[in-house]
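Peer 1: below: sequence and its predicted model.
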Amino acid sequence: QVQLVESGGGLVQAGGSLRLSCAASGKISGSNAMAWYRQVPGKQRELVATCTTNGRTNYADSVTGRFTISRDNAKNTVYLQMNNLKPEDTAVYYCNAGLVLIGPYRSLEVWGQGTLVTVSS
């Protein structure tokens, strides 16, 4: 079974930091672009950051300068380092990846289960 498993969420005070991790597992040979999204109840899921296979990154304006996305291709893992957190960063964070399956080329878009980040004021 191909899946993404996230970890690292939790409760932090405003100004603090958290690091999220998302590891891909299953019969995969690698991953195309990997990304982090977040969602607040009642609102649409929004893109936070993306990272291509060769390390090119892109960020939402709201997190630029505070969040850093990175990946370890050998481990099929993507990270999100979140610094100077604000209460408005409170959300469920989801990772997303285009996983490349073993065998004839096929890419499958997969979502993680989500991890809750709560930032108190």
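Peer 2: Yep, that arrived. Numbers count the residues shown, from 1 in each chain.
Peer 1: CA only for contacts and neighbour counts going forward, please
Peer 2: Fine.
Peer 1: what about residue 2, neighbour count?
Peer 2: Burial of residue 2, expressed as a neighbour count using other Cα atoms under 10 Å, amounts to 13.
Peer 1: an error on my part: the question was meant for residue 53.
Peer 2: By other Cα under 10 Å, 14 other residues sit near residue 53.
Peer 1: for the most centrally placed residue in the chain, list each beta-bridge partner.
Peer 2: Most central residue of the chain, judged by C-alpha distance to the mean C-alpha position with Cα atoms, centre = their mean, is residue 36 at 3.0 Å. In this structure, residue 36 has the following beta-bridge partners (DSSP bridges): residue 49, residue 95.
Peer 1: mind checking how far it is from residue 78?
Peer 2: Summarising the geometry, the distance separating residue 36 from residue 78, computed by Cα to Cα, to the nearest Å, is 9 Å.
Peer 1: which residues in the chain form strands?
Peer 2: Assigned strands in the chain, in chain order: 3-7, 10-13, 18-25, 28-39, 46-51, 57-59, 67-72, 77-82, 91-101, 107-111, 115-120 (criterion: DSSP state E).
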